[in-house]
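Asker: Build me a model:
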Amino acid sequence: MTTDVLFERYYYSKPAFRDGTSIFHALCRSHIHLGARILEIGPGPRNKTSSFLSSFATVIGVDIDTGLQANSALTQSHLYDGLRLPFEGSSFDACVSNYVMEHIERPEMHFREVARVLRPGGVYCFRTPNLWHYVTLSSRCLPYRAHLSWANRLRMLDDEAHDPYPTFYRANTGPRIRKYSAMAGLTPLHLAYVEAEPTYGRRHAALFYPMMLYERIVNGFDLFRIFRMNLVAVLARADQA
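Answerer: The predicted structure is shown next:
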């Protein structure tokens, strides 16, 4: 039995099921208005989130990697040094990042830069791994070479998927997000822990079943919510929140 059959049986065939990406996209859409000017941070060469955002807004991308120039959903592509965003203040209605926060080496500067380029009333929507999830803890314990070798294999990504970037996990808990937000003058409008389908269980049923059991436990008891896989957040400029 392939894991595709297992995912279909236990997740995708259920009427109430929403995958993690759909949850994140719905959150973005509920906080970003039609026709907005969006800065997507770290879009890479192809990204479901870029395509989704471009369906209702203008999306400008900024990345440390030249691969973003191949992202057809972006109206403009800009390279930057990973620190200072190359835009004037109050330039965007929203900023969005999807699995980027874990790669930010200086989160205090990152949040300040996001706050600087947001217009009054602007929001920052992002999704990032939760530091206390077993996948993240395993990643931190593994040497980077091992993480590089196994991360895409476990998720059954194709050969065109880029290698994982170095990770720091310096803003990957609820308290740390609140801390850096406050330092930058951003106020959390939404901050939640989300565990959807066990993506890292795609390689084999022997991985799928224990990971599914974990998902059932952390979603079944609110006490265990801090051990769910992802953090999704919406931050607003404090003066407009």
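
Asker: Now do the same for Phe208: its pLDDT.
Answerer: The model reports Phe208 with a pLDDT of 97.

Asker: brain fart, Val135
Answerer: Reported pLDDT for Val135: 91.

Asker: Could you shift the numbering so residue one becomes 487, and keep it that way?
Answerer: Sounds good: first residue 487 from here, last item Val621.

Asker: Isn't it up against Met715?
Answerer: Yes - look at Val621 against Met715 with C-beta atoms under 8 Å: they come within range, at 6.6 Å. In this view, the C-beta of every residue, glycine as well, is placed from N, C-alpha and C.

Asker: Now do the contacts for the nearest residue to Asn658 once chain neighbours are set aside.
Answerer: Excluding the flanking residues, the one nearest Asn658 by C-beta to C-beta, 6 or more residues apart in numbering is Leu617, at 4.1 Å. Counting by C-beta atoms under 8 Å, 6 or more residues apart in numbering, Leu617 makes contact with Leu623, Tyr655, Asn658, Thr659.

Asker: Most neighbours among those, which one?
Answerer: Asn658 (23 neighbours; other C-beta atoms under 10 Å).

Asker: which stretch of helix or strand covers that one?
Answerer: Assigned by DSSP states H and E, Asn658 belongs to no helix or strand.

Asker: okay, and the helix or strand of this protein with the least pLDDT?
Answerer: Here the helix or strand of the chain ranked lowest by mean pLDDT, DSSP states H and E is helix 630-640, holding a mean of 54.

Asker: Next secondary structure element downstream of that one?
Answerer: Counting by DSSP H and E, what follows helix 630-640 is helix 660-670.

Asker: Identify all contacting residues around that following helix.
Answerer: Here helix 660-670 has contacts from 593-594, 596-598, 600-601, 656-657, 673-674, 677, 679, 712, 717, 719, 721, using C-beta under 8 Å, 6+ apart.

Asker: For Gly660, give its distance to Leu675.
Answerer: 14 Å (C-beta to C-beta, to the nearest Å).
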